[in-house]
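*Asks:* task: produce atomic coordinates for the following.
(chains A and B)
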Amino acid sequence: MKTEIQLTKDMFEKADLSNRDADKIRRPSIKYWPDVWRRLKQNKLAMIGLIIIIAMLIMSIIGTNINGFEYYEQDYSKINVHPNSEHWFGTDELGRDLFSRTWLGARYSLIIGVLAAAIDFIIGVLYGGIAGMATRKVDAIMMRIAEVIYSVPYLLVVILLSVVFSSAGAGTSMFVMILAMSLTGWVPMAILVRGQVLQLKEAEYSLAAESLGATKGWILKKHIIPNTLGPILVNITLTIPRAIFSEATLGFLGLGLQPPKSSLGTLANEGLAGMTVGNSYQIVIPALFISLIMFAFNVLGDGLRDALDPRLRK
Amino acid sequence: MKRYLLKRLAMSIVTLWAVITITFILMHSVPGNPFAAESKMPKVVYENLQKKYGLDKPLTEQYFIYLGNLLKGDLGDSMKSRVETVNDMIERGFPVSARLGVQALLIAICFGPALGAFAALYQNKLPDYISMIIAIIGISVPSFIMGTVLIQFVARNVDWLPIGGWGEFKHTILPSFAMALMPMATMARLMRSSMLEVLGQDYIKTAKSKGITRAAVILKHAVRNAILPVISVLGTTISNLLVGSFVIEKIFGIPGLGMFFVKSINNRDYTLIMGTTIFYAAILITMLLLVDIAYMFIDPRIKLTKEGR
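*Replies:* Numbers count the residues shown, from 1 in each chain, chains lettered A, B, ... in the order given. Predicted coordinates for the structure are as follows:
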């Protein structure tokens, strides 16, 4: 049986063109990092953290010169002055202005935190990257070494090194402190990077690059490292408060920077003596700022982790 | 599994040996000599002191003598105290520190995971916010600050508990709490995120649809699985607690090992520094080993992954 196709005139009318661009992408496509930033901005706690960090950075640069007292200036007529309009955070037992000293302390704490994190980052990425790209045997050996170093208690090493590299009672120089912290501090970063590298070098795009003749170094540089940047960034943000915490602990134990320099930890240590004679502001202020810095970096790190997590992306 | 255990044990021994060697090298590379503070001493006395501590022998020989003594459990004589050996001091200080550490750990284990689980069950509701505020305070406030705050408000202002000292149970309450806060907060945060992940799994849905009570679903299915990551950080937690005791013992004036350690650093008592460092390291490495072994028994999956790599 044959069906005859009926051709009518209305079949040859012009099509409705209003839907033609239905597939067109209307909004500009958002690249990865702007997208992360967009999601980070929605996280109020993380933004508070970021604002605190920026404010602390600015104040640690200019804060020592604001009220006209130098951090090392001693004024014996004004010892242990409680906070007032002249000395905003009061003075210590030698009559030094605590406002300037606090910001100097914040400066050293931040420098130590950031530099220690930077060194951890460099060593960790190199070591982890090499281990991840190397043969299984080399990888195994490198990871065993890292594990041995990692099970040496962190703060113990820091304390030991500060004992060795500083003569009795002289305190620890900033350089030694950073060195001591990075000695074991890079391991978590290396383990993280290695894990990522192992995972990413099996990815299709790495295989594609390899089959096009790319060298290992090229694949590492062009494909793997950019893709591990997210977790690395989170790790850095969480390493900084750890270094600041260690430094504060050292300072509090009397192993920190030597006066008249100050860090928030050494200020808290000096303040502990002040507290017993009723000058609790001397410890409250540095304690507050240590906690604020730790808080800010921790919530920012958390926020970053959430913002980078693809499972949370809508 | 046996192979993994042996490998893990061998690793721990190598680690301990590395710590001993590094500590030894570091302590013997300190510029100047250990008796510099008593520089006015007659030459004979100085030479006798050198002989007593074996410092007149070549370094490699000293090293092997030290290792040999360590194998016998002898950590040597203190350079500053004439009456107590390093072993005596550790014997005196460690029980105090251990008690404090165990109490703090118990507090952290009791409240940390519970807080985290609670937060996850009521995600984005009031209990969640409250526990996460506690957790954020916990990780932001270092224990030495928490300690001083507690002294100021609980001991000084209202006089409920003693400011410091040691001897009775009431002396241990404030320091244990100050020490427990940070590990507790870390555990709570970990528990919350792992609990959230577990609660989204299919087996929870299955368990619910089987008609088991909510409590049974939470306790038997959710918590059991969610607690694994928390257990895996126990080793590091114990390590942090031990080191945290340095500051806490200083603030509260507790005669523990941490206090000896800090004192030995300020006194430049090299044998004591070396002894306590090695002792600490040995404890930590043992703890890490124990936690790893425990983890293997609790999580059957680990056998596969650890063998596989």
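
*Asks:* need the residues of the stretch 151-300 of chain A near chain B, please.
*Replies:* Contacts of the stretch 151-300 of chain A with chain B, taken as Cβ under 8 Å from any Cβ of the partner chain, map to A:151-156, A:159-161, A:163-164, A:167-169, A:245, A:248-249, A:252-255, A:268, A:272, A:275, A:280, A:283, A:287, A:290-292, A:294-295, A:298-299. (Each C-beta comes from the backbone N, C-alpha and C, glycine too.)

*Asks:* check the stretch 1-150 of chain A too.
*Replies:* Residues of the stretch 1-150 of chain A that fall close to chain B, judged by Cβ under 8 Å from any Cβ: A:144, A:147, A:148.

*Asks:* got the contact list for residue A:189?
*Replies:* A:120, A:121, A:123, A:124, A:125, A:128, A:232, A:235, A:239 (Cβ atoms under 8 Å, 6 or more residues apart in numbering or on different chains).

*Asks:* could you rerun that using 10 Å?
*Replies:* Residues near residue A:189 by Cβ atoms under 10 Å, 6 or more residues apart in numbering or on different chains: A:117, A:119-128, A:231-232, A:235-236, A:239.

*Asks:* show me which of the residues of the stretch 1-150 of chain A next to chain B is closest to residue A:25.
*Replies:* Closest approach between the residues of the stretch 1-150 of chain A next to chain B and residue A:25, by Cβ to Cβ: residue A:147, at 47.8 Å.

*Asks:* how close does the closest one sit to residue A:37?
*Replies:* 36 Å (Cβ to Cβ, to the nearest Å).

*Asks:* measure how buried residue 76 is and give me the count.
*Replies:* In the absence of a named chain, chain A is used. Using other Cβ atoms under 10 Å in any protein chain shown, residue A:76 has 7 neighbouring residues.

*Asks:* that's the other chain; I wanted chain B
*Replies:* 19.

*Asks:* and for residue A:128?
*Replies:* Residues within reach of residue A:128, counting by other Cβ under 10 Å, total 28.

*Asks:* now whatever residue of chain B ends up closest to chain A: closest residue in space that isn't a chain neighbour?
*Replies:* Using Cβ to the nearest Cβ, the point where chain B gets nearest to chain A is residue B:140, with a distance of 3.7 Å. The shortest distance from residue B:140 to any non-neighbouring residue, by Cβ to Cβ, 6 or more residues apart in numbering or on different chains, is to residue A:295 (3.7 Å).

*Asks:* ok now stretch B:290-303, how far from the chain's centre?
*Replies:* Between the centre of stretch B:290-303 and the centre of its chain there are 20 Å (Cα atoms, centre = their mean, to the nearest Å).

*Asks:* for the record, mean pLDDT for the helix or strand hosting residue B:284?
*Replies:* Using DSSP states H and E, residue B:284 sits within helix B:270-298. Averaging pLDDT along helix B:270-298 gives 83.

*Asks:* tell me the pLDDT at residue 248?
*Replies:* Because you didn't say which chain, this covers chain A. 86.

*Asks:* could you do chain B instead?
*Replies:* 87.

*Asks:* same check, this time on residue B:218
*Replies:* Note on residue B:218: pLDDT of 86.

*Asks:* what's the spacing between residue A:205 and chain B?
*Replies:* To chain B, residue A:205 is 24 Å away according to Cβ to the nearest Cβ, to the nearest Å.

*Asks:* skip ahead from the helix or strand containing residue B:196 and say which helix or strand is next.
*Replies:* Applying DSSP H and E as the criterion places residue B:196 in helix B:170-199. Going down the chain from helix B:170-199, the next helix or strand is helix B:202-209, by DSSP H and E.

*Asks:* in helices, which of the contacts of residue A:189 appear?
*Replies:* Among the contacts of residue A:189, the residues falling in helices (DSSP state H) are A:117, A:119-128, A:231-232, A:235-236, A:239.

*Asks:* rewinding a little: show me just the buried residues among the residues of the stretch 151-300 of chain A next to chain B.
*Replies:* A:151-156, A:159-161, A:163-164, A:245, A:248-249, A:252-255, A:268, A:272, A:275, A:280, A:283, A:287, A:290-292, A:294-295, A:298-299 (16 or more other Cβ atoms under 10 Å in any protein chain shown).
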